[in-house]
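> After the sequence you'll find the predicted model.
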Amino acid sequence: MVLGSLLLLAVLLPGVHLKRNDASFQPPSDSERPSEAQIYRPVLQHSESIPPIGTYMLKNKLGKPCIKATVGVEYIITEKKMWYFSLDPSRVVTSGRCDDGEAVLSLTLPDNAASLLLYFKKEKSLFYVTKMMAHVSPLPVCKGCPNKTYQGLVDHEKLFKTADGRSFKCKSENLLLMSSQLQIKLVPVQMQAFTLSRGQYGKEIECWADFNKRVIPIIIGATVVGLILIAGLTYLFIKDRRRQGYDSL
């Protein structure tokens, strides 16, 4: 009865409107509105740190491992000063392809925020990395600075060359100049392509930097010991000659 009277009043008297008291018709507050999808963007750091190490594996069409890489990856950006960003293995998506004589390993962050591509080539009984490509699209380094993507490549090289069926290993850092503003540091690194027995690394081939670090101290130590022995023998020889001279008088 009351509702009918109100409807009649709204019809007869202009300017009178009925308003439904229902919470579902209230506009959502700012906190209730769905937020826009967040795009992942790397954050550059002022200081350098040891990059976390990840192990990445790629299989061929038959499901057999064809590339394995254990590596820590650091991006070094030159933008008025040096900036650093390390690849987080927990966020990396591994992809690529494996053919008989060529293979590609791609390490990519969400939203393609950063990537590192390694192109492998097999030549007779050797394999090596012939090309590397990298890019990173970080948050701007300063407030009001424009968004930038830093990218570069190293091409026509024979990096990490190793005999087929063996793995290249290097504890020393490998610093690669990708462009005037981008460098890639790999430390440490172990990798093998094409021939992987049960997905395990083959016999390790030591890089020259590690070999020099291990052998040079031995050479220096042996040289110092040799000089000490020579000095000692020379002293004894001179002392013995002098004693012989005194006896003749």
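It's in.
> The most centrally placed residue in the chain: what's its closest spatial neighbour, skipping adjacent residues?
Centre of the chain computed as the mean C-alpha position; nearest residue by CA atoms, centre = their mean is Val73, 1.9 Å away. In space, and not counting its chain neighbours, Val73 is closest to Leu87: 3.9 Å by CB to CB, 6 or more residues apart in numbering. From N, CA and C alone the C-beta is placed, and that goes for glycine too.
> residues touching the one you found, list them.
51-52, 54, 72-75, 107, 109, 114, 116 (CB atoms under 8 Å, 6 or more residues apart in numbering).
> May I have the secondary structure class of Ile238?
Under DSSP: H, G, I helix; E, B strand; the rest coil, the three-state class of Ile238 is helix.
> Neighbours of Pro188, how many?
A total of 18 residues lie near Pro188 under the criterion other CB atoms under 10 Å.
> same check, this time on Ser197
10.
> what's the answer for the one 3 residues further on, then?
Using other CB under 10 Å, Gln200 has 10 other residues around it.
> swap in Leu62?
7.
> Look at it and report its pLDDT.
The model reports Leu62 with a pLDDT of 90.
> before we move on, the earlier item: so the residue nearest to the centre of the chain touches Leu116, yeah?
Yes - assessed by CB atoms under 8 Å, Val73 is found in contact with Leu116 at 5.9 Å.
> overlap in contacts of the two?
Taking CB under 8 Å, 6+ apart as the contact rule, the neighbours common to Val73 and Leu116 are 87, 107, 184.
> Show me which of these is closest to Ala134.
For the shared contacts of Val73 and Leu116, the minimum distance to Ala134 (CB to CB) is 5.3 Å, reached by Ile184.
> Excluding chain neighbours, what is closest to that closest one?
Excluding the flanking residues, the one nearest Ile184 by CB to CB, 6+ apart is Leu176, at 4.7 Å.
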